[in-house]
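**Student:** Here is my input, please return the structure:
(one chain, ligands or ions: 2)
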Amino acid sequence: MESGPPGSSRPTEPGPCLSSQQGADQAASASLQNAAAAQPGRHSLAVAAVLPAGGCGERMGVPTPKQFCPILERPLISYTLQALERVYWIKDIVVAVTGENMEVMKSIIQKYQHKRISLVEAGVTRHRSIFNGLKALAEDQLNCKPSKPEIVIIHDAVRPFVEEDTLLKVVTAAKKHGAAGAIRPLVSTVISPSADGCLDHSLERARHRASEMPQAFLFDVIYEAYQQCSDYDLEFGTECLQLALKYCCTKAKLVEGSPDLWKVTYKRDLYAVESIIKEKISQEICVVTEEDNKYVSHLLEEVLKSELNHVKVASEALCHAGRDLQQIILDQCYNFVCVNVMTSDFQETQKLLSMLEESNLSILYPVVVVSVHFLDFKLVPPSEKMESLMLIREFAKEVKKRNIWLCGLLISYPQDEQKLQESLRQGAIIIASLIKERNSGLIGQLLIA
Ligand SMILES: Nc1ccn([C@@H]2O[C@H](COP(=O)(O)OP(=O)(O)OP(=O)(O)O)[C@@H](O)[C@H]2O)c(=O)n1
Ligand SMILES: O=P(O)(O)OC[C@@H](O)[C@@H](O)[C@@H](O)CO
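**Tutor:** Ligands and ions are numbered 1, 2, ... in the order given. This is a model prediction of the structure:
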């Protein structure tokens, strides 16, 4: 079993330097795990995960294997790893990738700072890849520690939306029953065709379910099942729960899963993943300004709130050493509007960009920064400021390297109150679109409300 990339830290317990969000995640995990472990006769479980990621994604119909297809410029598998890493009681995550993708996988682990990841060679089928992952856990010594877990989770690398409570449910059920798997209601009816391609019979949809992931097993059960498995099953099987039943007489407990457990299979699934992630990271906007611009910022904040229902909009002063702003960054707000009034320079915006670059916020998701410039076009014709405003292109090119997506917005700042409200509304509509759509084609552009 190969560890993560050279120089990367071996799987370690999450350190004390967790950001407040990660800390919150760990606290949530601890409470979930304690809840499970608190059950009579329970003790904390040694849990590992195996992620089969050795497929070629034929049904996706693109050259890149789907687990490496980019979502907001980040490979799909990295989202799944992030989902599992947030669950701190999963001690080891074994990913099965083909030899030709081993280096790509190592670079993903390094770039997105994934921890507790080990790599094994995938097999020519999904079952063989999973078996290789189990062998690595059974026979390998991670960090000179016994790596054989009590419970092993098996989860497809192309199912990025898996929550801790679902993982805990299948693990808890597997501890009791030997095996457990997430299921979902069938959307289409299952039919059985006859040899001549006509309908032989259909299954009663209400009495059947779709088998999804995650699944969990007592390690010894599923490892024994794979060791006994026929070549036919290894070659053509698609259901781990069936192997546990067939070779170990273990009847898996079926756990109702959430709607977002689906497997990315076709191209449309990538678009669905991207829109879900965009929705998730556009739920909070921070309007940043200097003290003397608070009035305009507040006006813009109110209009943004009215334009973006359910989105949390807060204002923060850029000064005071950014103490409150630091906390907002730590709490993983991915959208910032920097308000500049009657100026075309970028001093305030650059202060914000520096703070963002110093944080690790944009490692996993692109951070959108809109540098807003209110100008009274009657007093200051835009043409006079255009040259300095176009510097946005250079700034944007620089910070894009840190996954910060910067663009500019020029908003007319008329003296007339009613016209100002109209400008603000136009500006808010553009800001809302930039944040929700996250169109990388607009990076470095100067838009005019
Ligand atoms: N030899 C294989 C085949 C599949 N998988 C993994 O098993 C998961 C679910 O399988 P599937 O959706 O079938 O992936 P692909 O085989 O890549 O897709 P396709 O059948 O369209 O080629 C994926 O994470 C895939 O990478 C694997 O580890 N090893
Ligand atoms: O490799 P395939 O995508 O054909 O099969 C994978 C799925 O069957 C599997 O992930 C769930 O059905 C649970 O077993």
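
**Student:** alpha carbons only for contacts and neighbour counts from here, please
**Tutor:** OK.

**Student:** Run through who's touching stretch 92-108.
**Tutor:** 4-5, 11, 47-55, 75, 78, 84, 114, 116-123, 129-130, 132-133, 147 (Cα atoms under 8 Å, 6 or more residues apart in numbering).

**Student:** Closest residue of the stretch 301-449 of the chain to ligand 2?
**Tutor:** Across the stretch 301-449 of the chain, the shortest distance to ligand 2 (Cα to the nearest ligand atom) belongs to residue 364, at 25.5 Å.

**Student:** In three-state terms, how would the residue nearest the centre of the chain be classified?
**Tutor:** Nearest to the mean C-alpha position of the chain, by Cα atoms, centre = their mean, lies residue 79 at 3.7 Å. Assigned with DSSP: H, G, I helix; E, B strand; the rest coil, residue 79 falls in the helix class.

**Student:** give the contact list for it.
**Tutor:** Neighbouring residues of residue 79 by Cα under 8 Å, 6+ apart: 160-161.

**Student:** repeat that with 10 Å
**Tutor:** Residue 79 is in contact with 67, 71, 85, 112, 157-162, 273, 277, 364-365, counting by Cα atoms under 10 Å, 6 or more residues apart in numbering.

**Student:** ditto for residue 220
**Tutor:** 134, 138, 148-152, 178, 248.

**Student:** show me the contacts for the residue of the stretch 301-449 of the chain closest to ligand 2.
**Tutor:** 72-74, 78-79, 82, 111-113, 403.

**Student:** ok so, going back, of the contacts of residue 79, which ones also sit close to ligand 1?
**Tutor:** 157-158 (Cα under 6 Å from any ligand atom).

**Student:** Got a quick PyMOL command for the buried subset of the contacts of residue 79?
**Tutor:** To isolate in PyMOL the members of these that are buried, counting by 16 or more other Cα atoms under 10 Å, one can use:
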select buried, resi 67+71+85+112+157+158+159+160+161+162+273+277+364+365
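
**Student:** ok, back up a step: are any of the contacts of residue 220 buried, and which?
**Tutor:** By 16+ other Cα under 10 Å, those give 134, 138, 148-149, 151-152, 178, 248 as buried.

**Student:** Go through these and say which is closest to ligand 1.
**Tutor:** Out of those, the member with the shortest distance to ligand 1 (by Cα to the nearest ligand atom) is residue 134, at 12.4 Å.

**Student:** on that earlier part again, output the contacts of residue 364 in a markdown table, with pLDDT and secondary structure appended to each entry.
**Tutor:** Shown next, in a markdown table, are the contacts of residue 364 (pLDDT from 0 to 100; DSSP: H, G, I helix; E, B strand; the rest coil):
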| residue | pLDDT | secondary structure |
| --- | --- | --- |
| 72 | 97 | coil |
| 73 | 96 | coil |
| 74 | 98 | strand |
| 78 | 98 | helix |
| 79 | 98 | helix |
| 82 | 98 | helix |
| 111 | 97 | helix |
| 112 | 97 | coil |
| 113 | 96 | coil |
| 403 | 97 | coil |
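
**Student:** Turn those into a markdown table, columns for distance to residue 262.
**Tutor:** As requested, the contacts of residue 364 are exported to a markdown table (distance: Cα to Cα, whole Å):
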| residue | distance to residue 262 |
| --- | --- |
| 72 | 19 |
| 73 | 21 |
| 74 | 19 |
| 78 | 16 |
| 79 | 14 |
| 82 | 17 |
| 111 | 26 |
| 112 | 24 |
| 113 | 26 |
| 403 | 28 |
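
**Student:** now, which of those residues sits nearest residue 308?
**Tutor:** Ranked by distance to residue 308 (Cα to Cα), the contacts of residue 364 are led by residue 72 at 21.8 Å.

**Student:** Contacts only, for the closest one.
**Tutor:** Per Cα under 10 Å, 6+ apart, neighbours of residue 72: 273-275, 277-278, 364-366, 403, 438-440.

**Student:** among those, which two are most distant?
**Tutor:** Across those, the longest distance by Cα to Cα is 19.1 Å; it joins 273 and 403.

**Student:** Put the buried members of the contacts of residue 364 into a PyMOL selection.
**Tutor:** Those of the contacts of residue 364 that count as buried under 16+ other Cα under 10 Å are selected in PyMOL with:
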select buried, resi 72+74+78+79+82+112+403
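
**Student:** Now do the SS call for the residue of the stretch 201-350 of the chain found nearest ligand 1.
**Tutor:** Nearest to ligand 1 in the stretch 201-350 of the chain, going by Cα to the nearest ligand atom, is residue 265, at a distance of 5.4 Å. Following three-state DSSP, residue 265 is assigned to coil.

**Student:** Please renumber the chain so that the first residue is 366 from this point on.
**Tutor:** Yes, from this point I'll number from 366; that puts the last item at residue 630.
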